[in-house]
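> Based on what follows, work out the 3D shape:
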Amino acid sequence: MNIGLVLSGGGIRGVAHIGAIKALEEHGIFPTHISGTSAGAIVGALYAGGVGWAEILHFFKTIPLFRTQKYARSKPGFLDTEKYYDNFKEFFPKDDFSVLKKPLYVTGTDIIKGTLKIFHKGQLIRPVLASASFPGMFTPTKIGDAYYIDGGVLNNFPIEPLKNKCDKIIGVYVNPLKKIRMEDLKHSYTVVERAYKLKSASESMLKFAEFDMIISPEGLSAFGTFDMNSIDAIFELGYRAAKKNLEENDVALQFTVE
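I've put the predicted structure just below:
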């Protein structure tokens, strides 16, 4: 049975993906195809490359995200995406999709053309970096003649590449819409930001019915996009949500018996 795993974007909340993977494996479910965007692209690439969940978690805990040597110089962004290349090169000495143990699809947004690109062959690291390049925080990544940013801008829950390739598809959604009050919308830019989040969340949640199983951990909205101090708590939420889903609904049997 071909089992697909779709990992949404969500910043550091993407660590919940790792907890979900741990729970799936404990229940004998080992996805064969991976699709991800943003943080989901990073987790997906490492997992597709054969890296275990514990090592992926360690990677997120130790990557020097906000070190001064990562700051951008004369580029549109706070952090220079290109400067994270070597952090991934340690895992992928041969920078190519062909080295992966599972088929992987990651999304990127062409910032000039305004189109979505699905990467699944050729060079691996820069597409993953591009997919996770949160707009405004990270600089666009040049691939070929185009510049790409976060794939979540146009598709934050990319089930599409796996629809005709998998018998069952599991989705892990880690970008919940936070509840707010009118008093929280104090400036024009906060209204624009809220509108963007509403659109993204709506488009993603409309896809829930297309999955055979959805894992959407409660409580993630309490954590900020770059809350590096809450990695263990976020991981635990992902693990518990997936474990509860599997145990309460006897879902595991559907994915392990043809």
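
> got any ranges where the chain has weak pLDDT?
Across the chain, residues meeting the criterion (pLDDT under 70) sit at 65-68, 189-190, 192-193, 250-258.

> Could you rerun that using 80?
64-69, 177-180, 184, 187-197, 199-200, 249-258 (pLDDT under 80).

> Which stretches in it count as strands?
Ranges of strands in the chain, per DSSP state E, are 3-7, 33-36, 104-110, 115-119, 141-143, 146-150, 168-172, 213-215.

> hmm, who's touching the second one?
Contacts of strand 33-36 with the rest of the structure, by CB atoms under 8 Å, 6 or more residues apart in numbering, involve 2-8, 17, 42-45, 47-48, 102-107, 131, 158-162, 165-166. All C-beta spots, glycine's among them, are computed from the backbone N, C-alpha and C.

> Write a ChimeraX command that selects only the buried members of these.
Selecting only the buried entries of the contacts of strand 33-36 in ChimeraX, with 16 or more other CB atoms under 10 Å as the criterion:
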select :3,4,5,6,7,8,17,42,43,44,45,47,48,103,104,105,106,107,131,158,159,160,161,162,166
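
> picking up where we left off before, let's have the strands of the chain in TSV, adding distance to Phe223.
Listed next are those as TSV, based on distance: least, CB to CB, whole Å:
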stretch	distance to Phe223
strand 3-7	17
strand 33-36	19
strand 104-110	23
strand 115-119	27
strand 141-143	26
strand 146-150	18
strand 168-172	15
strand 213-215	16
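
> Of all those, which one is nearest Leu237?
Proximity to Leu237 (CB to CB) singles out strand 213-215 among the strands of the chain, at 10.4 Å.
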